[in-house]
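1. Provide a 3D model corresponding to the input given below.
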Amino acid sequence: VVFHQAMEYGGDRHMYLCFSGSYPLRAVSNAVSGPLRGSLIVQCRYDSGWETYKKWWCRGAEWSNCRILVITNGSEEKAKSNQVSIKDNQKLHTFTVTMEELRWNDADTYWCGIEKSGTDLGVEVKVTIDP
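-> As a prediction, the model looks like this:
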């Protein structure tokens, strides 16, 4: 399994270090699809110790300029913005992103992430839309 970690470089998040092994954040599936006008769910798991950190969902192929769509406040409270919501289950070390009312142009590269000092943790998820 290859994980992508964005490395801090000149104050930006645009260089990648790909490596195998243990990484504290994983997507249950790195490719998900949902039906047009329907919804899809993405689950991201993290290691113990990251429970109270803010979790986010970001859109864009390039880590350096992906746009955060929704972010938690570090609790298990559900956060929602437009048709996207995120909910952290700190006991199960899993946060769940739900995308609703899917449109064709929702197909893209997204990132599950955890905000931390220095470089955030992030893992790539490809989203496709089914007819």
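2. Point to the residue nearest the middle of this structure.
-> With distances taken as C-alpha atoms, centre = their mean, the residue of the chain nearest its centroid is residue 112 (1.2 Å).
3. so that one sits right up against residue 24, yeah?
-> No: counting by C-beta atoms under 8 Å, residue 112 sits too far from residue 24 to count as a contact (11.6 Å). Where C-beta positions appear, they are placed from N, C-alpha and C, glycine not excepted.
4. And the pLDDT at residue 123?
-> pLDDT for residue 123: 95.
5. quick one: it is in a strand?
-> Yes: if the criterion is DSSP: H, G, I helix; E, B strand; the rest coil, then residue 123 is within a strand.
6. Skipping adjacent residues, who's closest to residue 33 in space?
-> residue 128 (4.3 Å; C-beta to C-beta, 6 or more residues apart in numbering).
7. For the helix or strand hosting that neighbour, name the packing helices and strands.
-> Assigned by DSSP states H and E, residue 128 belongs to strand 121-130. Other helices and strands packing on strand 121-130, by 3 or more C-beta pairs under 8 Å, 6 or more residues apart in numbering; DSSP states H and E, are strand 2-9, strand 25-27, strand 31-35, strand 40-46, strand 108-114.
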